[in-house]
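Undergrad: Fold the following.
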Amino acid sequence: MTQSTGSARPGRVTRRAEYAETTRRAIVAAARTLFSEKGYFATKVDEIAATARVAPATVYAVTGGKQGLLRTLVDEWSDAPVVAEARAEIAKLDDAEELLSFLAALTRSMRQDYGDIMRLVIAAAPHDATAAEGLATGTARYRDGTLLAAQRLADLGALRDGLTVEEALDILWFYFGYAGFFTLVDDNGWSYPKAEEWLRDAARRALLAEAASE
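TA: Now for the predicted structure:
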């Protein structure tokens, strides 16, 4: 008679691990929905637990409560797999206009996929240390990626005369940081495609030597 040890084979995920990850994802998804609908401060752990169909103690044990959930959401946005893929793509592009088109499309995609997280962290940051820390972390990652684009434009010799990499970064941030899409889409009611096109063209005129001569 063979006795089971209950151990998993190397490289295989156990049922317990699968269940734990499913539970974690359910809690994170519930928190994201409730934070977006009610706000970070108005949302209670009991509500997150009820929505995720777990006990409140599980929310604390698995995710660290609301503060841990906020940190997780910041990571899901600012350290998403698409961010690393975008960095690799920026490094490969050898046409300045293609790079700006890629950056505009990426920013639109990130805003549509993660804009709710950005909004809640920005709103909570002035009143909560964890949110402020999360916003600082997310912004640093965001600007680092934008800096790669500015440096790539400089390496391609595409920037207007006298424009430094640091100034190019600031200009890119003006158009593709938090405010651009939020202002045009949320405040002005523009469609995402219209906002993407306008921001791309405006950044092109502000940055590229070729556009300055037109």
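
Undergrad: what's the neighbour count on the nearest residue to residue 107 once chain neighbours are set aside?
TA: The shortest distance from residue 107 to any non-neighbouring residue, by Cβ to Cβ, 6 or more residues apart in numbering, is to residue 176 (4.5 Å). All C-beta spots, glycine's among them, are computed from the backbone N, C-alpha and C. When counting by other Cβ atoms under 10 Å, one arrives at 25 neighbours for residue 176.

Undergrad: wouldn't residue 176 be in contact with residue 202 here?
TA: No - applying Cβ atoms under 8 Å, one finds residue 176 not in contact with residue 202, separated by 10.2 Å.

Undergrad: so what's the backbone phi/psi at the most centrally placed residue in the chain?
TA: For the chain, residue 77 is the residue whose C-alpha lies nearest the centre (Cα atoms, centre = their mean; 3.1 Å). Main-chain dihedrals, residue 77, degrees, to the nearest 10: phi -80, psi -60.

Undergrad: what about the nearest residue to it once chain neighbours are set aside, helix or strand, and which?
TA: Leaving aside its chain neighbours, residue 77 sits nearest to residue 114 (3.9 Å; criterion: Cβ to Cβ, 6+ apart). Using DSSP states H and E, residue 114 sits within helix 96-124.

Undergrad: packing partners for the next helix or strand after that helix?
TA: Next along the chain after helix 96-124, taking DSSP H and E as the criterion, comes helix 129-155. Applying 3 or more Cβ pairs under 8 Å, 6 or more residues apart in numbering; DSSP states H and E, we find helix 129-155 packed against helix 65-78, helix 81-92, helix 96-124, helix 165-176.

Undergrad: Show me what counts as buried in the last one.
TA: Just to be clear, that refers to helix 165-176. 168-169, 171-173, 175-176 (16 or more other Cβ atoms under 10 Å).

Undergrad: looking at this protein, which helix or strand is least sure?
TA: Across the helices and strands of the chain, mean confidence by mean pLDDT, DSSP states H and E is lowest for helix 209-212: a mean of 72.

Undergrad: residues in contact with the closest residue to residue 132 other than its chain neighbours?
TA: Nearest-residue entry for residue 132: residue 125, 4.5 Å, with adjacent residues in sequence omitted and distances by Cβ to Cβ, 6+ apart. By Cβ atoms under 8 Å, 6 or more residues apart in numbering, residue 125 lies in contact with 131-132, 134-135.
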